[in-house]
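K.L.:
coords below, sequence missing:
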């Protein structure tokens, strides 16, 4: 091999993307003939289903066609206005006739265009060479991918109803809205609005608009306030700002260790040093009792979370957080996070009789997480929008 | 006799020229084909040819163009083809003949025919001489540009001749069109002038009339069709008629005009009128020169001025068009292209808010009144005197608010840009070379190539492009490696090798051939957004 070391010194080696649609071994031989024949029969229906999905997602080659179908559907729905009382609809006889006529025409054209499409699919399949198994699988993959996209778009940022209680809450929440809507909207308008929304929701325009809306703080606040009705969002308690004495009172994680004889003569720093020797910060301490009693030392650990968010365009980490998410500083108390003051303010307001066991607050590394506080690692990356640092410090109190 | 003699010479020459032209047309075609072949050969030729061929090609091209131009010049002497409709319409146009003045037009024709009779040869020579450079440039262009240009849409089916014409780029045609167009643009610029005059209150009564007409259109949109009809009838046709058949209404000159118009005085801002300060030298295109003694001379001067003015205006118009297209481009690729994401998002919401408001409220708004009110108000605010006061007031307000306005930074936080980035996976191959024994492998390279036995570098007995340290591997352009992920060995060797159609021996995570073995490493890459789109001409740079 010739040496091209001089070239390689300047060479910039770019890694290459992994594409899922690489060359794959042909399925034709590897697949059972029965499966192949079933898939072959299934193929036309798959094409039609794929066509329907394309229309729903507005991914057709000719983008005007879904629009024309949508207009026809609205014409069909418009016939509902004929069911309404004449006083509310306010249409003349001519108007009613034209509505009925247009609706019927729309329905017939829709039906015929669908049937025509189905027939031409079968005709084309007869006319051209039969599909290979790979063609069918590619189409199948495309359909699955589209369904997956639709599922994601439907499920993300929507309410998740899991229990009967959620159903009840949902009904209570929606009833007044529905009542107001039905009060001011006719059946036709309501149906039209719902159908048009359903037809448009998976289009790229609607989804982009949705994403842009998600950038606005007001949208998020509204969404999370609705969400809080359905989910127990009391994992974080925002007010009041909890102070050390309240933590000591309310915590159920206090560990009671024996107040051994040699310690009785110690006080202040000496006692603290002795305790530190016996119980280093990172060790698990086994307590002797669950309730305070004479002759024990109570040890509490304060675990304070410091939270920050990354702000674009300068990618600066700031303690300013969004109103619906974790506060700047919060302390762990009985499995919940409570808003609290900064650890340095805690230092000044330690409760009576309690003393610091550790000399200072011990921080952990920053744990980086995405915008929804799902941890992704210990390094800042493009994915990271939030980060948390955990400060720990223990206090003790002697029960003589 | 002399006339006959004068006709004989050119005819002979013409016949000879046309004969040569016909003869050389075929030669020209073959030359063209040879040239194209040479150009293709130059494009695909080896390295050693690269330096010499283009120069030769350029020389050949220029020489060929010169030759073409000479042939074209010979062709010009040929009788006119029926397809050259432009020249036909220009020369044999009866349009400007006046049916009431047949005598005059006949005499004009006679005069023109005698002049052509006198010097047919000279005129021809002059024309061909003048256009030789143009023809040369044309031919040069046809050689430079590809023969098949993308076509534009047409309303109907074009004839063969039209197709041929529309396909080629011709400097001659372009220049002649420009020459013909320039004097005709005068009317358009006059229209632009009058519109500007109306919008800037330089013609107050006209501005008021415009507002009244626009209000009428607002209240009845059918007026958009009715008004032009009125204009055509009474603004174009009646003046045309009265020009032909004047009403002898005598206008006696007054020494002095007494009294003033209230409307004009109010709109001009009283006795201290504002607009003469502009000092614009206006040019009246419709000046009447019938009673002048030296009509022809004056006409000639006017025409020259008009032509130059039109040319200047055309130049300014192209500059204005350019700046307009620049600002349109700035919007399309900047604001609408989400270059500044925060700003674009805010703009999007402004539009969506106005869309919602308009579509909800449009039913309940008296649009006729609303739009006409806006028109009147905007025109009133556009009045120089009012505008001056408003801008002074705004300036005052701005200076006060600039010190206290700190809410901008706070407002910024209402748009949160925290979309999860695009995620993809990249691969590279760690290649090992077989050592002295079959079990001994030495690290060889980290490359983005598999370096299998069929690899082109391997066939050439060259090293694959790559680096020796993993840290030197770069992510694809515009992407970054995820800091929270590391290079991971892909243990599913069967999958990645079959995807590449490789059926080699597999041992642990390695794919082994007779001299080399390699393993695949994958890593996550991230990208917040695609690079913003740019116009195509910017990409080429």
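P.N.:
Great, that's in hand. Every value quoted in this text rests on a predicted model; they were computed, and no experiment measured them.
K.L.:
Minimum distance to chain B, which residue of chain A gives it?
P.N.:
Nearest residue of chain A to chain B, counting by C-beta to the nearest C-beta: residue A:377, 2.9 Å away. All C-beta spots, glycine's among them, are computed from the backbone N, C-alpha and C.
K.L.:
Name whatever forms a beta bridge with that residue.
P.N.:
residue A:368 (DSSP bridges).
K.L.:
Now do the contacts for it.
P.N.:
If you count contacts by C-beta atoms under 8 Å, 6 or more residues apart in numbering or on different chains, residue A:377 has them with A:367-368, A:384, B:483-485.
K.L.:
Of those - the most surrounded one?
P.N.:
Counting neighbours by other C-beta atoms under 10 Å in any protein chain shown, residue A:384 comes out on top of those with 26 neighbours.
K.L.:
In terms of helix, strand or coil, where does that residue fall?
P.N.:
Secondary structure, DSSP: H, G, I helix; E, B strand; the rest coil: residue A:384 is coil.
K.L.:
Please read off the pLDDT at it from the model.
P.N.:
pLDDT, the model's per-residue confidence, is 92 for residue A:384.
K.L.:
you'd agree it is up against residue A:368?
P.N.:
Yes: Residue A:384 lies in contact with residue A:368 (C-beta atoms under 8 Å); the separation is 3.8 Å.
K.L.:
one step back: so the residue of chain A closest to chain B versus residue B:426, what's the distance?
P.N.:
Look at residue A:377 and residue B:426: by C-beta to C-beta, to the nearest Å, they are 18 Å apart.
K.L.:
Quick one, grab the pLDDT at residue 248.
P.N.:
The chain I'm using is chain A. On the pLDDT scale, residue A:248 gets 80.
K.L.:
if you could check chain B rather than the one you did, that'd help
P.N.:
For residue B:248, pLDDT reads 76.
K.L.:
Next one: it from chain A, what distance?
P.N.:
From residue B:248 across to chain A, the span is 58 Å (C-beta to the nearest C-beta, to the nearest Å).
K.L.:
what's the neighbour count on that residue?
P.N.:
Residue B:248: 4 neighbours (other C-beta under 10 Å).
K.L.:
any idea how far it is from residue B:237?
P.N.:
In terms of C-beta to C-beta, residue B:248 sits 20 Å off from residue B:237.
K.L.:
Next, count neighbours for residue A:337.
P.N.:
20.
K.L.:
Is it in a helix, a strand, or coil?
P.N.:
Assignment for residue A:337 (three-state DSSP): strand.
K.L.:
check contacts around it.
P.N.:
Contacts for residue A:337 (C-beta under 8 Å, 6+ apart) come out as A:235-237, A:305, A:326, A:330-331.
K.L.:
tell me the pLDDT at it?
P.N.:
Per-residue pLDDT puts residue A:337 at 85.
K.L.:
and what of residue A:8?
P.N.:
For residue A:8, pLDDT reads 46.
K.L.:
just to revisit the earlier point, among the contacts of residue A:337, which one is most surrounded by other residues?
P.N.:
Neighbour-wise, the contacts of residue A:337 (other C-beta under 10 Å) top out at residue A:331, 25 neighbours.
K.L.:
mind listing what that one touches?
P.N.:
Neighbour list for residue A:331: A:242, A:247, A:302-305, A:337-338, A:340 [criterion: C-beta under 8 Å, 6+ apart].
K.L.:
Point me to the helix or strand that includes it.
P.N.:
In this assignment (DSSP states H and E), residue A:331 forms part of strand A:329-333.
K.L.:
what does the average pLDDT come to for that strand?
P.N.:
pLDDT averaged over strand A:329-333 gives 88.
K.L.:
picking that back up, quick one: the contacts of residue A:337 as CSV, columns for secondary structure too.
P.N.:
Converted to CSV, these look like this (three-state DSSP):
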residue, secondary structure
A:235, coil
A:236, strand
A:237, strand
A:305, strand
A:326, coil
A:330, strand
A:331, strand
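K.L.:
on that earlier part again, which of the contacts of residue A:377 lies closest to residue B:261?
P.N.:
Residue B:261 has its nearest neighbour among those in residue A:384, at 73.0 Å by C-beta to C-beta.
K.L.:
which phi and psi does the closest one have?
P.N.:
Main-chain dihedrals, residue A:384, degrees, to the nearest 10: phi -80, psi 130.
K.L.:
Could you do the one 3 residues further on as well?
P.N.:
The phi and psi torsions at residue A:387 (degrees, to the nearest 10) take the values phi -150, psi 150.
K.L.:
I'd say it and residue A:317 touch.
P.N.:
Yes: using C-beta under 8 Å, residue A:387 is in contact with residue A:317, at 6.7 Å.
K.L.:
tell me, what's touching these two both at once?
P.N.:
With C-beta under 8 Å, 6+ apart as the test, residue A:387 and residue A:317 both reach A:308, A:310.
K.L.:
With neighbour numbers in mind, choose between the two.
P.N.:
Neighbour count, other C-beta under 10 Å: between residue A:387 and residue A:317, residue A:387 has more, with 21 against 16.
K.L.:
got a list of what whichever residue of the stretch 151-300 of chain B sits closest to chain A touches?
P.N.:
Nearest to chain A in the stretch 151-300 of chain B, going by C-beta to the nearest C-beta, is residue B:153, at a distance of 17.5 Å. For residue B:153, no residue meets the contact criterion (C-beta under 8 Å, 6+ apart).
K.L.:
Check the secondary structure at it for me.
P.N.:
When classified by three-state DSSP, residue B:153 comes out as coil.
K.L.:
can you check residue B:437 too?
P.N.:
Residue B:437 ends up coil, using three-state DSSP.
K.L.:
Neighbours of it, how many?
P.N.:
7.
K.L.:
Give me the pLDDT for it.
P.N.:
85.
K.L.:
Over to residue A:55?
P.N.:
Looking at residue A:55, the pLDDT reads 92.
K.L.:
since we're on the closest residue to it other than its chain neighbours, how many residues are nearby?
P.N.:
Among residues not flanking residue A:55 along the chain, residue A:66 sits closest, at 4.8 Å (C-beta to C-beta, 6 or more residues apart in numbering or on different chains). Residue A:66 has 19 neighbouring residues, counting by other C-beta under 10 Å.
K.L.:
Contacts for the helix or strand hosting residue A:66, please.
P.N.:
Using DSSP H and E, residue A:66 falls within helix A:64-78. Helix A:64-78 has contacts (C-beta under 8 Å, 6+ apart) with A:55, A:58, A:60, A:99, A:102-103, A:105-107, A:109-110, A:113, A:188, A:191-192, A:195-196, A:199-200.
K.L.:
just for chain A, where's the confidence low?
P.N.:
A:1-10, A:20-29, A:85-90, A:232-235, A:262, A:264, A:289-290 (pLDDT under 70).
K.L.:
As a quick check, tell me the outermost residue of it.
P.N.:
Centroid-distance maximum for chain A: residue A:265 at 56.9 Å, with C-alpha atoms, centre = their mean.
K.L.:
who's in contact with residue B:420?
P.N.:
Residue B:420 sits next to A:370-371, A:383 when contact means C-beta under 8 Å, 6+ apart.
K.L.:
how about 7 Å then?
P.N.:
A:370, A:383 (C-beta atoms under 7 Å, 6 or more residues apart in numbering or on different chains).
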